[in-house]
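Student: Structure of the sequence below:
(one chain, ligands or ions: 2)
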Amino acid sequence: MTPNKSLHLYNSLSGKKEPFVPIHEGRVGMYVCGPTLYSEPHMGNMRTFINFDFIYRCLLHFGYQVKYVRNITDAGHITNSAGQEVDSIGSAARLEQVQPLEIVYKYNVKFQELQRLYNLLPPNIEPTATAHIQEQIEVIEQILENGFAYVENGSVYFDVKAYLQHFPYGELSGRKVEELEHETRALNAQEEKRFFADFALWKKAQPDDMQVWRSPWGNGNPGWHIECTAMSTKYLGKQFDIHGGGMDLKFPHHEDEIAQNCGSFGCNPARYWLHANMLNVNGQKMSKSFGNYFLPKEIVEGSSPLFSKPYAASVVRFFMLQAHYRSTLDITEEALNASEKGFERLMEGLSLLDKVSPSKESSFSVEDWKQSAESALLDDFNAPILIANLFEAVKQIHALNEGKAQLNETDLSLFKATLAHLTFEVLGIEPIENQGNDRLAGVMEVVMALRQKAREQKDWASSDMIRDGLAKAGIQIKDGKEGTTWG
Ligand code: AMP
Ligand code: ZN
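Tutor: Ligands and ions are numbered 1, 2, ... in the order given. The predicted structure is shown next:
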(Lines give C-alpha, C1' and ligand atoms only; values in the text may rest on other atoms or scores of the structure.)
(Ligands and ions follow the chains in the order given, each with its own letter.)
Protein backbone atom coordinates (compact mmCIF):
# COMPACT_ATOMS: atom_id res chain seq x y z
CA MET A 1 0.00 0.00 0.00
CA THR A 2 1.38 3.44 -0.84
CA PRO A 3 0.40 6.32 1.41
CA ASN A 4 -2.57 8.16 -0.06
CA LYS A 5 -2.83 10.91 2.56
CA SER A 6 0.17 12.68 3.79
CA LEU A 7 1.91 11.96 7.05
CA HIS A 8 2.58 14.96 9.26
CA LEU A 9 4.98 14.76 12.12
CA TYR A 10 6.18 17.09 14.79
CA ASN A 11 9.77 18.07 14.12
CA SER A 12 11.53 19.13 17.34
CA LEU A 13 13.98 21.07 15.20
CA SER A 14 11.35 23.50 13.89
CA GLY A 15 8.94 23.10 16.81
CA LYS A 16 6.16 22.51 14.26
CA LYS A 17 4.17 19.75 12.65
CA GLU A 18 5.51 19.30 9.14
CA PRO A 19 4.54 17.16 6.16
CA PHE A 20 6.87 14.18 6.01
CA VAL A 21 8.87 13.97 2.80
CA PRO A 22 11.48 11.21 2.84
CA ILE A 23 14.83 11.74 1.13
CA HIS A 24 14.23 8.72 -1.09
CA GLU A 25 10.62 8.19 -2.10
CA GLY A 26 9.02 5.20 -0.39
CA ARG A 27 11.99 4.63 1.91
CA VAL A 28 12.71 5.83 5.44
CA GLY A 29 15.98 5.81 7.37
CA MET A 30 15.40 6.06 11.13
CA TYR A 31 18.00 6.19 13.89
CA VAL A 32 16.96 5.94 17.55
CA CYS A 33 19.35 6.27 20.47
CA GLY A 34 19.35 2.97 22.30
CA PRO A 35 20.09 2.04 25.90
CA THR A 36 23.32 2.33 27.84
CA LEU A 37 23.60 -1.21 29.08
CA TYR A 38 25.24 -0.78 32.46
CA SER A 39 22.05 -1.97 34.15
CA GLU A 40 18.66 -3.33 33.21
CA PRO A 41 16.57 -0.75 31.33
CA HIS A 42 13.76 0.59 33.56
CA MET A 43 10.13 1.10 32.67
CA GLY A 44 10.81 4.72 31.61
CA ASN A 45 13.43 3.60 29.08
CA MET A 46 10.95 1.01 27.84
CA ARG A 47 8.33 3.69 27.25
CA THR A 48 10.63 5.41 24.79
CA PHE A 49 11.44 2.15 23.02
CA ILE A 50 7.74 1.21 22.89
CA ASN A 51 6.91 4.62 21.42
CA PHE A 52 9.51 4.27 18.68
CA ASP A 53 8.41 0.70 18.04
CA PHE A 54 4.92 2.08 17.46
CA ILE A 55 6.29 4.78 15.14
CA TYR A 56 8.25 2.10 13.25
CA ARG A 57 5.10 -0.03 12.95
CA CYS A 58 3.14 3.00 11.64
CA LEU A 59 5.79 3.68 8.99
CA LEU A 60 5.65 0.03 7.89
CA HIS A 61 1.86 0.26 7.85
CA PHE A 62 2.05 3.32 5.55
CA GLY A 63 3.99 1.13 3.13
CA TYR A 64 7.45 2.59 3.60
CA GLN A 65 10.50 0.43 3.36
CA VAL A 66 12.13 1.33 6.66
CA LYS A 67 15.70 0.91 7.78
CA TYR A 68 15.55 1.21 11.55
CA VAL A 69 18.86 1.49 13.39
CA ARG A 70 18.96 1.58 17.20
CA ASN A 71 22.37 1.52 18.83
CA ILE A 72 23.60 -0.04 22.03
CA THR A 73 25.88 2.16 24.10
CA ASP A 74 28.61 -0.04 25.50
CA ALA A 75 31.47 2.45 25.76
CA GLY A 76 32.19 6.02 26.63
CA HIS A 77 31.47 8.57 29.28
CA ILE A 78 27.81 9.40 29.56
CA THR A 79 26.39 12.64 30.88
CA ASN A 80 24.18 11.76 33.84
CA SER A 81 21.01 13.60 34.83
CA ALA A 82 23.06 15.92 37.05
CA GLY A 83 25.06 16.93 33.97
CA GLN A 84 28.27 15.16 35.02
CA GLU A 85 30.30 12.90 32.80
CA VAL A 86 30.39 9.39 34.23
CA ASP A 87 31.84 6.11 33.04
CA SER A 88 28.78 4.08 34.00
CA ILE A 89 29.81 0.81 32.32
CA GLY A 90 33.32 0.97 33.81
CA SER A 91 31.89 1.71 37.26
CA ALA A 92 29.47 -1.24 37.05
CA ALA A 93 32.31 -3.51 35.88
CA ARG A 94 34.52 -2.44 38.80
CA LEU A 95 31.70 -2.96 41.25
CA GLU A 96 30.87 -6.45 39.99
CA GLN A 97 34.56 -7.24 39.37
CA VAL A 98 33.97 -8.33 35.79
CA GLN A 99 34.95 -6.98 32.38
CA PRO A 100 32.88 -4.14 30.91
CA LEU A 101 31.56 -6.27 28.06
CA GLU A 102 30.32 -8.87 30.54
CA ILE A 103 28.16 -6.14 32.02
CA VAL A 104 26.90 -5.10 28.60
CA TYR A 105 26.28 -8.68 27.49
CA LYS A 106 24.39 -9.55 30.67
CA TYR A 107 22.06 -6.57 30.34
CA ASN A 108 21.71 -6.96 26.61
CA VAL A 109 20.35 -10.48 27.11
CA LYS A 110 17.78 -8.96 29.48
CA PHE A 111 17.03 -6.12 27.09
CA GLN A 112 16.39 -8.58 24.25
CA GLU A 113 14.03 -10.56 26.54
CA LEU A 114 12.20 -7.34 27.36
CA GLN A 115 11.80 -6.52 23.70
CA ARG A 116 10.07 -9.85 23.14
CA LEU A 117 7.99 -9.47 26.30
CA TYR A 118 6.73 -6.02 25.24
CA ASN A 119 6.37 -7.15 21.61
CA LEU A 120 8.91 -4.77 20.11
CA LEU A 121 9.89 -5.49 16.53
CA PRO A 122 13.64 -5.90 16.23
CA PRO A 123 15.38 -2.97 14.50
CA ASN A 124 17.21 -3.78 11.27
CA ILE A 125 20.56 -3.13 12.89
CA GLU A 126 21.55 -2.82 16.56
CA PRO A 127 25.16 -1.60 16.32
CA THR A 128 27.37 -1.26 19.36
CA ALA A 129 29.76 1.60 20.03
CA THR A 130 32.70 -0.70 20.81
CA ALA A 131 32.46 -2.30 17.38
CA HIS A 132 32.72 1.13 15.71
CA ILE A 133 35.75 2.74 17.33
CA GLN A 134 37.52 3.08 13.97
CA GLU A 135 34.51 4.87 12.45
CA GLN A 136 34.39 7.22 15.44
CA ILE A 137 38.09 8.02 15.06
CA GLU A 138 37.51 8.78 11.38
CA VAL A 139 34.69 11.24 12.11
CA ILE A 140 36.85 12.95 14.73
CA GLU A 141 39.70 13.23 12.19
CA GLN A 142 37.29 14.84 9.73
CA ILE A 143 36.10 17.36 12.34
CA LEU A 144 39.74 18.18 13.18
CA GLU A 145 40.55 18.59 9.50
CA ASN A 146 37.62 20.98 9.11
CA GLY A 147 38.95 23.09 11.98
CA PHE A 148 36.12 22.44 14.45
CA ALA A 149 38.14 20.50 17.05
CA TYR A 150 41.50 20.64 18.81
CA VAL A 151 43.79 18.18 20.56
CA GLU A 152 44.77 18.89 24.14
CA ASN A 153 46.91 16.56 26.22
CA GLY A 154 45.80 13.37 24.43
CA SER A 155 42.10 14.33 24.36
CA VAL A 156 40.15 15.87 21.48
CA TYR A 157 37.53 18.56 22.11
CA PHE A 158 34.90 19.99 19.85
CA ASP A 159 35.61 23.69 19.30
CA VAL A 160 32.25 25.38 19.79
CA LYS A 161 33.62 28.90 19.18
CA ALA A 162 35.13 27.93 15.80
CA TYR A 163 31.91 26.12 14.97
CA LEU A 164 29.76 29.14 15.82
CA GLN A 165 31.49 31.08 13.06
CA HIS A 166 29.79 28.83 10.52
CA PHE A 167 26.81 27.14 12.16
CA PRO A 168 24.33 27.92 14.91
CA TYR A 169 24.64 25.85 18.11
CA GLY A 170 21.71 25.09 20.41
CA GLU A 171 18.89 25.29 17.86
CA LEU A 172 17.36 21.93 18.76
CA SER A 173 17.23 22.43 22.50
CA GLY A 174 16.71 26.19 22.29
CA ARG A 175 19.70 26.78 24.54
CA LYS A 176 21.88 29.79 24.05
CA VAL A 177 25.61 29.39 24.51
CA GLU A 178 25.68 32.37 26.90
CA GLU A 179 23.11 30.68 29.12
CA LEU A 180 25.08 27.44 29.17
CA GLU A 181 28.09 29.07 30.74
CA HIS A 182 26.47 29.36 34.09
CA GLU A 183 25.47 25.65 34.14
CA THR A 184 28.71 24.21 32.84
CA ARG A 185 31.29 26.01 34.91
CA ALA A 186 30.43 24.29 38.13
CA LEU A 187 30.78 20.83 36.62
CA ASN A 188 33.82 18.74 35.72
CA ALA A 189 37.35 20.05 35.50
CA GLN A 190 37.14 22.42 32.58
CA GLU A 191 40.77 23.42 32.39
CA GLU A 192 41.64 21.45 29.25
CA LYS A 193 38.83 22.99 27.29
CA ARG A 194 39.40 26.30 25.56
CA PHE A 195 35.78 27.30 25.97
CA PHE A 196 33.27 26.12 28.57
CA ALA A 197 30.81 24.80 25.93
CA ASP A 198 33.41 22.60 24.21
CA PHE A 199 32.80 18.89 24.63
CA ALA A 200 34.96 15.77 24.41
CA LEU A 201 35.17 13.79 21.18
CA TRP A 202 37.97 11.60 22.51
CA LYS A 203 39.19 11.28 26.08
CA LYS A 204 42.75 10.44 27.05
CA ALA A 205 42.86 7.15 29.00
CA GLN A 206 42.79 7.49 32.78
CA PRO A 207 44.75 5.00 34.93
CA ASP A 208 41.59 3.18 36.08
CA ASP A 209 39.81 3.12 32.69
CA MET A 210 38.75 -0.41 31.81
CA GLN A 211 37.96 0.26 28.15
CA VAL A 212 40.88 1.77 26.25
CA TRP A 213 41.60 1.97 22.52
CA ARG A 214 44.51 3.19 20.46
CA SER A 215 44.01 6.36 18.46
CA PRO A 216 46.10 8.94 16.58
CA TRP A 217 46.02 10.97 19.82
CA GLY A 218 47.19 8.17 22.10
CA ASN A 219 45.28 5.62 24.17
CA GLY A 220 41.83 6.68 25.19
CA ASN A 221 38.12 6.23 24.67
CA PRO A 222 35.41 7.98 22.66
CA GLY A 223 33.07 10.67 23.91
CA TRP A 224 29.44 9.58 24.16
CA HIS A 225 27.93 11.68 21.35
CA ILE A 226 30.41 10.63 18.67
CA GLU A 227 29.20 7.01 18.62
CA CYS A 228 25.78 8.00 17.32
CA THR A 229 27.30 10.23 14.64
CA ALA A 230 29.63 7.45 13.48
CA MET A 231 26.99 4.70 13.48
CA SER A 232 24.13 6.72 11.99
CA THR A 233 26.45 7.84 9.17
CA LYS A 234 27.74 4.35 8.54
CA TYR A 235 24.31 2.74 8.29
CA LEU A 236 22.04 5.55 7.12
CA GLY A 237 24.30 8.11 5.47
CA LYS A 238 25.41 11.65 6.28
CA GLN A 239 21.78 12.75 6.28
CA PHE A 240 18.78 10.54 6.83
CA ASP A 241 15.09 11.00 7.54
CA ILE A 242 14.25 10.54 11.23
CA HIS A 243 16.35 10.74 14.38
CA GLY A 244 14.62 9.79 17.61
CA GLY A 245 15.23 9.44 21.30
CA GLY A 246 13.87 10.51 24.66
CA MET A 247 13.22 14.19 25.34
CA ASP A 248 16.03 14.24 27.91
CA LEU A 249 18.57 13.51 25.17
CA LYS A 250 17.91 16.79 23.34
CA PHE A 251 20.70 18.43 25.26
CA PRO A 252 23.56 17.80 25.23
CA HIS A 253 23.46 14.51 23.32
CA HIS A 254 21.44 15.43 20.24
CA GLU A 255 22.66 18.99 20.12
CA ASP A 256 26.21 17.69 20.03
CA GLU A 257 25.34 15.05 17.44
CA ILE A 258 24.10 17.88 15.21
CA ALA A 259 27.30 19.87 15.82
CA GLN A 260 29.48 16.86 15.04
CA ASN A 261 27.58 16.04 11.87
CA CYS A 262 27.66 19.64 10.64
CA GLY A 263 31.28 19.90 11.72
CA SER A 264 32.30 16.83 9.74
CA PHE A 265 29.86 16.58 6.83
CA GLY A 266 28.33 20.05 6.71
CA CYS A 267 24.73 18.96 7.33
CA ASN A 268 22.31 18.13 10.11
CA PRO A 269 22.20 14.32 10.39
CA ALA A 270 18.40 14.16 10.27
CA ARG A 271 15.62 16.03 8.52
CA TYR A 272 13.14 15.25 11.30
CA TRP A 273 14.00 15.03 14.99
CA LEU A 274 11.42 13.18 17.09
CA HIS A 275 11.45 13.22 20.87
CA ALA A 276 9.44 10.92 23.08
CA ASN A 277 8.32 12.31 26.40
CA MET A 278 9.03 10.93 29.84
CA LEU A 279 7.36 8.31 31.97
CA ASN A 280 6.84 9.91 35.36
CA VAL A 281 6.18 8.64 38.85
CA ASN A 282 4.19 11.14 40.93
CA GLY A 283 5.06 13.88 38.46
CA GLN A 284 8.79 13.19 38.54
CA LYS A 285 10.74 11.63 35.65
CA MET A 286 11.47 7.95 36.29
CA SER A 287 15.21 7.70 36.64
CA LYS A 288 17.86 5.49 38.19
CA SER A 289 19.45 8.42 39.91
CA PHE A 290 16.18 9.54 41.55
CA GLY A 291 15.58 5.97 42.77
CA ASN A 292 11.93 6.15 41.70
CA TYR A 293 12.20 3.47 39.06
CA PHE A 294 11.00 -0.08 38.64
CA LEU A 295 11.89 -2.70 36.09
CA PRO A 296 9.68 -3.78 33.20
CA LYS A 297 9.77 -7.35 34.48
CA GLU A 298 8.69 -6.39 38.01
CA ILE A 299 5.39 -5.02 36.78
CA VAL A 300 4.48 -8.27 34.95
CA GLU A 301 5.66 -10.44 37.82
CA GLY A 302 3.84 -8.35 40.40
CA SER A 303 7.04 -7.85 42.40
CA SER A 304 7.10 -4.05 42.31
CA PRO A 305 6.10 -2.58 45.68
CA LEU A 306 4.34 0.20 43.76
CA PHE A 307 1.58 -2.10 42.56
CA SER A 308 -0.65 -4.52 44.39
CA LYS A 309 -0.91 -7.01 41.54
CA PRO A 310 0.82 -8.04 38.30
CA TYR A 311 -0.14 -6.52 34.94
CA ALA A 312 0.30 -8.34 31.64
CA ALA A 313 2.94 -6.80 29.36
CA SER A 314 0.26 -6.21 26.71
CA VAL A 315 -1.78 -4.22 29.23
CA VAL A 316 1.28 -2.14 30.12
CA ARG A 317 2.04 -1.55 26.44
CA PHE A 318 -1.61 -0.61 25.87
CA PHE A 319 -1.42 1.79 28.83
CA MET A 320 1.72 3.40 27.39
CA LEU A 321 0.10 3.90 24.00
CA GLN A 322 -3.00 5.49 25.50
CA ALA A 323 -0.82 8.58 25.84
CA HIS A 324 0.66 10.36 22.82
CA TYR A 325 4.40 9.94 22.55
CA ARG A 326 4.98 13.68 23.05
CA SER A 327 3.01 13.82 26.31
CA THR A 328 4.36 12.96 29.71
CA LEU A 329 2.69 9.99 31.34
CA ASP A 330 2.31 9.29 35.02
CA ILE A 331 2.18 5.60 35.90
CA THR A 332 -0.23 4.78 38.72
CA GLU A 333 -2.11 1.69 39.80
CA GLU A 334 -5.42 3.43 39.12
CA ALA A 335 -4.43 4.28 35.55
CA LEU A 336 -3.15 0.75 34.94
CA ASN A 337 -6.40 -0.73 36.22
CA ALA A 338 -8.36 1.49 33.85
CA SER A 339 -6.13 0.35 30.97
CA GLU A 340 -6.56 -3.27 31.95
CA LYS A 341 -10.35 -2.88 31.77
CA GLY A 342 -10.06 -1.12 28.41
CA PHE A 343 -7.74 -3.79 27.10
CA GLU A 344 -10.17 -6.55 28.13
CA ARG A 345 -13.07 -4.67 26.54
CA LEU A 346 -11.13 -4.45 23.29
CA MET A 347 -10.14 -8.14 23.33
CA GLU A 348 -13.70 -9.22 24.13
CA GLY A 349 -14.97 -7.04 21.30
CA LEU A 350 -12.56 -8.62 18.87
CA SER A 351 -13.56 -12.16 19.79
CA LEU A 352 -17.24 -11.20 19.69
CA LEU A 353 -16.77 -9.97 16.13
CA ASP A 354 -15.76 -13.47 15.07
CA LYS A 355 -19.28 -14.61 15.90
CA VAL A 356 -21.07 -11.91 13.89
CA SER A 357 -22.65 -13.15 10.64
CA PRO A 358 -22.92 -10.99 7.54
CA SER A 359 -26.19 -9.34 6.54
CA LYS A 360 -27.43 -8.26 3.11
CA GLU A 361 -26.89 -4.55 3.74
CA SER A 362 -24.49 -2.46 5.76
CA SER A 363 -25.85 0.04 8.25
CA PHE A 364 -22.58 1.99 8.73
CA SER A 365 -19.50 2.75 6.67
CA VAL A 366 -16.44 0.68 7.54
CA GLU A 367 -14.46 2.76 5.06
CA ASP A 368 -15.22 6.00 6.97
CA TRP A 369 -14.21 4.40 10.24
CA LYS A 370 -11.01 3.08 8.66
CA GLN A 371 -10.19 6.53 7.29
CA SER A 372 -10.68 8.07 10.70
CA ALA A 373 -8.26 5.56 12.28
CA GLU A 374 -5.81 6.17 9.44
CA SER A 375 -5.99 9.95 9.97
CA ALA A 376 -5.00 9.47 13.61
CA LEU A 377 -1.84 7.65 12.53
CA LEU A 378 -1.03 10.21 9.86
CA ASP A 379 -1.34 13.00 12.41
CA ASP A 380 2.00 12.58 14.19
CA PHE A 381 1.39 8.92 15.08
CA ASN A 382 -1.53 9.61 17.39
CA ALA A 383 -1.94 6.33 19.27
CA PRO A 384 -4.58 7.56 21.78
CA ILE A 385 -6.85 8.67 18.93
CA LEU A 386 -6.28 5.35 17.18
CA ILE A 387 -7.34 3.62 20.41
CA ALA A 388 -10.44 5.84 20.62
CA ASN A 389 -11.28 4.62 17.10
CA LEU A 390 -10.83 1.02 18.22
CA PHE A 391 -13.27 1.59 21.08
CA GLU A 392 -15.69 3.13 18.61
CA ALA A 393 -15.41 -0.11 16.66
CA VAL A 394 -16.10 -2.13 19.83
CA LYS A 395 -19.38 -0.18 20.23
CA GLN A 396 -20.32 -1.12 16.69
CA ILE A 397 -19.40 -4.76 17.37
CA HIS A 398 -21.87 -4.85 20.27
CA ALA A 399 -24.51 -3.27 18.08
CA LEU A 400 -23.82 -5.88 15.37
CA ASN A 401 -24.01 -8.64 17.94
CA GLU A 402 -27.34 -7.36 19.25
CA GLY A 403 -28.74 -7.01 15.75
CA LYS A 404 -28.84 -3.19 16.05
CA ALA A 405 -26.31 -2.77 13.24
CA GLN A 406 -25.51 -4.78 10.11
CA LEU A 407 -22.62 -5.32 7.74
CA ASN A 408 -22.61 -7.11 4.42
CA GLU A 409 -20.03 -9.80 3.75
CA THR A 410 -17.43 -7.53 2.13
CA ASP A 411 -17.70 -4.84 4.79
CA LEU A 412 -17.65 -7.39 7.60
CA SER A 413 -14.44 -8.98 6.39
CA LEU A 414 -12.86 -5.55 5.84
CA PHE A 415 -13.90 -4.55 9.37
CA LYS A 416 -12.41 -7.72 10.87
CA ALA A 417 -9.17 -7.53 8.91
CA THR A 418 -8.63 -3.82 9.59
CA LEU A 419 -9.38 -4.14 13.29
CA ALA A 420 -7.01 -7.08 13.70
CA HIS A 421 -4.31 -5.32 11.71
CA LEU A 422 -4.57 -2.05 13.66
CA THR A 423 -4.69 -3.80 17.03
CA PHE A 424 -2.09 -6.51 16.63
CA GLU A 425 0.24 -5.21 13.93
CA VAL A 426 0.14 -1.43 14.34
CA LEU A 427 -0.55 -0.96 18.05
CA GLY A 428 1.40 -4.16 18.58
CA ILE A 429 -0.60 -5.55 21.47
CA GLU A 430 -1.13 -9.27 21.83
CA PRO A 431 -3.90 -11.28 23.43
CA ILE A 432 -2.67 -12.20 26.92
CA GLU A 433 -2.64 -15.94 26.24
CA ASN A 434 -0.14 -15.33 23.42
CA GLN A 435 2.35 -13.74 25.79
CA GLY A 436 5.20 -15.33 27.67
CA ASN A 437 7.78 -17.50 26.08
CA ASP A 438 7.13 -20.13 23.44
CA ARG A 439 8.20 -22.94 25.73
CA LEU A 440 5.57 -21.98 28.28
CA ALA A 441 2.98 -21.90 25.50
CA GLY A 442 4.11 -25.37 24.43
CA VAL A 443 3.90 -26.75 27.97
CA MET A 444 0.48 -25.16 28.46
CA GLU A 445 -0.79 -26.79 25.30
CA VAL A 446 0.10 -30.20 26.73
CA VAL A 447 -1.35 -29.37 30.17
CA MET A 448 -4.58 -28.07 28.67
CA ALA A 449 -4.94 -31.18 26.51
CA LEU A 450 -4.47 -33.40 29.59
CA ARG A 451 -7.09 -31.44 31.47
CA GLN A 452 -9.49 -31.64 28.55
CA LYS A 453 -9.02 -35.41 28.45
CA ALA A 454 -9.68 -35.66 32.20
CA ARG A 455 -12.87 -33.63 31.78
CA GLU A 456 -14.07 -35.78 28.91
CA GLN A 457 -13.57 -38.83 31.13
CA LYS A 458 -15.39 -37.01 33.95
CA ASP A 459 -12.23 -37.31 36.04
CA TRP A 460 -13.02 -34.11 37.95
CA ALA A 461 -10.38 -34.70 40.61
CA SER A 462 -7.57 -34.61 38.00
CA SER A 463 -9.01 -31.65 36.11
CA ASP A 464 -9.38 -29.66 39.39
CA MET A 465 -5.89 -30.64 40.46
CA ILE A 466 -4.49 -29.19 37.21
CA ARG A 467 -6.56 -26.01 37.54
CA ASP A 468 -5.58 -25.45 41.21
CA GLY A 469 -1.92 -26.23 40.53
CA LEU A 470 -1.83 -23.73 37.71
CA ALA A 471 -3.55 -21.11 39.87
CA LYS A 472 -0.78 -21.54 42.44
CA ALA A 473 1.73 -20.87 39.66
CA GLY A 474 -0.17 -17.66 38.84
CA ILE A 475 -1.92 -18.99 35.71
CA GLN A 476 -5.69 -18.69 35.65
CA ILE A 477 -7.75 -20.90 33.40
CA LYS A 478 -11.27 -20.06 32.39
CA ASP A 479 -13.81 -22.50 31.01
CA GLY A 480 -16.16 -20.77 28.62
CA LYS A 481 -18.64 -21.69 25.93
CA GLU A 482 -15.91 -21.36 23.33
CA GLY A 483 -13.47 -23.62 25.15
CA THR A 484 -10.83 -23.08 27.77
CA THR A 485 -8.41 -20.16 27.82
CA TRP A 486 -5.49 -19.37 30.10
CA GLY A 487 -3.67 -16.24 31.09
P1 AMP B 1 19.70 5.69 28.56
O2 AMP B 1 19.99 4.22 28.66
O3 AMP B 1 19.77 6.39 29.87
O4 AMP B 1 20.53 6.37 27.49
O5 AMP B 1 18.19 5.83 28.13
C6 AMP B 1 17.64 5.14 27.02
C7 AMP B 1 16.44 5.89 26.50
O8 AMP B 1 15.43 5.98 27.49
C9 AMP B 1 16.75 7.34 26.08
O10 AMP B 1 16.11 7.61 24.85
C11 AMP B 1 16.17 8.18 27.20
O12 AMP B 1 15.75 9.43 26.75
C13 AMP B 1 14.97 7.33 27.58
N14 AMP B 1 14.48 7.58 28.95
C15 AMP B 1 15.18 7.69 30.10
N16 AMP B 1 14.36 7.92 31.15
C17 AMP B 1 13.10 7.93 30.67
C18 AMP B 1 11.80 8.11 31.24
N19 AMP B 1 11.62 8.31 32.55
N20 AMP B 1 10.72 8.07 30.41
C21 AMP B 1 10.87 7.85 29.07
N22 AMP B 1 12.06 7.67 28.47
C23 AMP B 1 13.17 7.71 29.25
ZN1 ZN C 1 22.54 8.80 20.51
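
Student: tally of neighbours for Ile23?
Tutor: Counted with other Cβ atoms under 10 Å, the neighbours of Ile23 add up to 13. Where you see a C-beta, it was placed from the backbone N, CA and C, and this is true even at glycine.

Student: what sits against it?
Tutor: 29, 239-241, 271 (Cβ atoms under 8 Å, 6 or more residues apart in numbering).

Student: make it 6 Å
Tutor: Residues near Ile23 by Cβ atoms under 6 Å, 6 or more residues apart in numbering: Asp241.

Student: Can you name the residues that contact His166?
Tutor: Counting by Cβ under 6 Å, 6+ apart, His166 has no contacts.

Student: How about the secondary structure of it?
Tutor: Secondary structure, DSSP: H, G, I helix; E, B strand; the rest coil: His166 is coil.

Student: Please apply the same query to the one 3 residues further on.
Tutor: In the three-state summary, Tyr169 is assigned as coil, counting by three-state DSSP.

Student: Distance check, it against ligand 2.
Tutor: 17 Å (Cβ to the ion, to the nearest Å).

Student: burial count for that residue?
Tutor: Count around Tyr169 with other Cβ under 10 Å applied: 21.

Student: Repeat that for Leu201.
Tutor: 30.

Student: Contacts only, for it.
Tutor: So Leu201 contacts 140, 149, 156, 158, 223, 226 (Cβ under 6 Å, 6+ apart).

Student: chain center to the one helix or strand it maps to, what's the gap?
Tutor: Using DSSP states H and E, the element containing Leu201 is strand 199-204. Remark: strand 199-204 is offset 28 Å from the chain centroid, using Cα atoms, centre = their mean, to the nearest Å.

Student: Which helix or strand lies directly C-terminal to it?
Tutor: strand 220-222.

Student: Report the buried residues of the helix of greatest length in the chain.
Tutor: Identified as the longest helix of the chain according to DSSP state H is helix 333-353. Neighbour-count burial for helix 333-353 flags 336-337, 339-340, 342-343, 346-347, 349-350, 353 (criterion: 16 or more other Cβ atoms under 10 Å).

Student: With pLDDT and distance to Glu298 as added columns, please give the residues you listed in JSON lines.
Tutor: Output for the buried residues of helix 333-353, formatted as JSON lines (pLDDT from 0 to 100; distance: Cβ to Cβ, whole Å):
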{"residue": "Leu336", "pLDDT": "97", "distance to Glu298": "13"}
{"residue": "Asn337", "pLDDT": "97", "distance to Glu298": "17"}
{"residue": "Ser339", "pLDDT": "98", "distance to Glu298": "17"}
{"residue": "Glu340", "pLDDT": "97", "distance to Glu298": "17"}
{"residue": "Gly342", "pLDDT": "98", "distance to Glu298": "22"}
{"residue": "Phe343", "pLDDT": "98", "distance to Glu298": "19"}
{"residue": "Leu346", "pLDDT": "97", "distance to Glu298": "25"}
{"residue": "Met347", "pLDDT": "97", "distance to Glu298": "24"}
{"residue": "Gly349", "pLDDT": "97", "distance to Glu298": "30"}
{"residue": "Leu350", "pLDDT": "96", "distance to Glu298": "29"}
{"residue": "Leu353", "pLDDT": "97", "distance to Glu298": "34"}
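
Student: Phi and psi next, for Asp241.
Tutor: Torsion angles at Asp241 (phi, psi; degrees, to the nearest 10) stand at phi -80, psi -60.

Student: I'd like to know how far it sits from Pro41.
Tutor: 25 Å (Cβ to Cβ, to the nearest Å).

Student: that older thread, ok, the buried residues of helix 333-353 vs Ser232, which is closest?
Tutor: Nearest to Ser232 among the buried residues of helix 333-353: Ser339, at 34.3 Å, using Cβ to Cβ.

Student: show me the contacts for the closest one.
Tutor: Counting by Cβ under 6 Å, 6+ apart, Ser339 has contacts 315, 318-319.

Student: can we see that at 10 Å?
Tutor: Ser339 makes contact with 311, 314-322, 387 under the criterion Cβ atoms under 10 Å, 6 or more residues apart in numbering.

Student: and which of the residues you listed is nearest ligand 2?
Tutor: Met320 (21.4 Å; Cβ to the ion).

Student: Pretty sure Phe148 sits against Gln142.
Tutor: Yes. At 9.3 Å, Phe148 counts as touching Gln142 under the criterion of Cβ atoms under 10 Å.

Student: For ligand 2, what's its nearest residue on the stretch 51-200 of the chain.
Tutor: Per Cβ to the ion, Asn71 is where the stretch 51-200 of the chain lies closest to ligand 2, at 6.4 Å.

Student: I'd say that residue and Asn108 touch.
Tutor: No. The pair Asn71 / Asn108 is not scored as a contact, 11.8 Å apart, by Cβ under 10 Å.

Student: Give the residues shared as contacts by Phe148 and Gln142.
Tutor: Shared contacts of Phe148 and Gln142 (Cβ under 10 Å, 6+ apart): 260, 263-264.
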